[in-house]
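> Fold the following and give me the result.
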Amino acid sequence: MLLATHTGQPHEAGLDEAGRGCLAGPVFAAAVILPPDYNPAFLNDSKQLSARRRDVLRADICANAIAWAVAEASPEEIHAINIAQASYLAMHRAVAALAVPATHLLVDGNRFKVHPNLPHTCIVGGDGLYRSIAAASILAKTFRDERMHELAAEFPAYGWHQNAGYPTAAHRAALREHGVTPHHRLGFRLL
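Got it, this is the predicted structure:
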C-alpha cells in the first residue's frame, strides 16, 4: 500500500516526469496534491500499469485531486539546457500552475533543482512508495503519451504512437531512413 504523505503537511505535492530517456518530443512533468484519504484501487507507479488502467486512474486523479498540473519542456529547451535541467524546469512549471499552492514538494528521484519558495524531499522510487508521486507519474506519462500520439499523426514513419519517442530499433531505423524531425532532441545520440 502506498503512503499518503511524507511530511504530514496538507498540501504536499508529488512530482514526477515522463520522457526523460526519449529521442524525440518534450519532457513532461506533473505536480499533484491529493486529499489524505484518496487511495483508489491500483494506484501505483505508471510503469507498473497498463495503458487502460493509467487512463482510468488519470480521470479519477484529475477529478479528485486537491490540485494538479502538467507542464513540459520542449526539445529546444532540452538541447539548450540539457535533459536534467529541462526536467526540473518542467517540474517547476507544473508547481507554478497548481491552483492550490504546495507547502512541500515530494520529488521522485535523487536530484532536484531547489525551488525558490518551497522545501523538497527527493525519494528514489517514490512513484512506488507515495500516492501523490504515483499520481504525478500517471499524469505525466498519460499527457506525454497523448502528445506523442498527436505528433505521430504528423510524422507517422517514426512509430511514436507505439514507442512514444523512446529509442527502439524501429525508431532508429526510421531516423536512418527519414532523418530527424523538428521534434527530435538534437543533443542526444540519435543513431
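
> packing partners for the helix of greatest length in the chain?
Criterion DSSP state H: the longest helix present in the chain is helix 131-154. Under the contact criterion of 3 or more Cβ pairs under 8 Å, 6 or more residues apart in numbering; DSSP states H and E, helix 131-154 touches strand 12-18, strand 27-33, helix 51-64, strand 67-73, strand 104-108, helix 160-163. All C-beta atoms are positioned from the backbone trio N, CA, C, and that covers glycine.

> I'd like the ones you listed as a markdown table, with mean neighbour count and mean pLDDT appended.
Formatted as a markdown table, the helices and strands packed on helix 131-154 follow (neighbours: other Cβ atoms under 10 Å; pLDDT from 0 to 100):
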| stretch | mean neighbour count | mean pLDDT |
| --- | --- | --- |
| strand 12-18 | 30 | 98 |
| strand 27-33 | 31 | 98 |
| helix 51-64 | 16 | 97 |
| strand 67-73 | 22 | 98 |
| strand 104-108 | 24 | 98 |
| helix 160-163 | 19 | 95 |
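
> sec struct for Ala94, please.
Following DSSP: H, G, I helix; E, B strand; the rest coil, Ala94 is assigned to helix.

> so who does it touch?
Leu15, Ala29, Ala30, Ala31, Ala69, Val70, Ala71 (Cβ atoms under 8 Å, 6 or more residues apart in numbering).

> Let me have these in a markdown table, extended by distance to Ile133.
Compiled in a markdown table, those are given as follows (distance: Cβ to Cβ, whole Å):
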| residue | distance to Ile133 |
| --- | --- |
| Leu15 | 7 |
| Ala29 | 12 |
| Ala30 | 10 |
| Ala31 | 10 |
| Ala69 | 15 |
| Val70 | 14 |
| Ala71 | 16 |
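
> Model confidence for Arg189, exactly?
Confidence at Arg189, expressed as pLDDT, is 78.

> Just put the helices and strands packed on helix 131-154 in a markdown table and tack on distance to Ile138.
Listed next are the helices and strands packed on helix 131-154 as a markdown table, based on distance: least, Cβ to Cβ, whole Å:
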| stretch | distance to Ile138 |
| --- | --- |
| strand 12-18 | 9 |
| strand 27-33 | 8 |
| helix 51-64 | 5 |
| strand 67-73 | 10 |
| strand 104-108 | 12 |
| helix 160-163 | 19 |
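
> which residues touch Pro35?
Asn64, Ala65, Ile66.

> Check Thr142 too.
Ser46, Arg54, Asp55, Arg58 are the contacts of Thr142 under Cβ under 8 Å, 6+ apart.

> swap the cut-off to 10 Å and go again
By Cβ atoms under 10 Å, 6 or more residues apart in numbering, the contact list for Thr142 reads 18, 28, 30, 46, 49, 51, 54-55, 57-59, 61-62, 70.

> Please, which helix or strand holds the nearest residue to Asn163 once chain neighbours are set aside?
Residue nearest to Asn163 in three dimensions, not counting chain neighbours: His171, with 5.2 Å by Cβ to Cβ, 6 or more residues apart in numbering. Using DSSP states H and E, His171 falls within helix 169-178.
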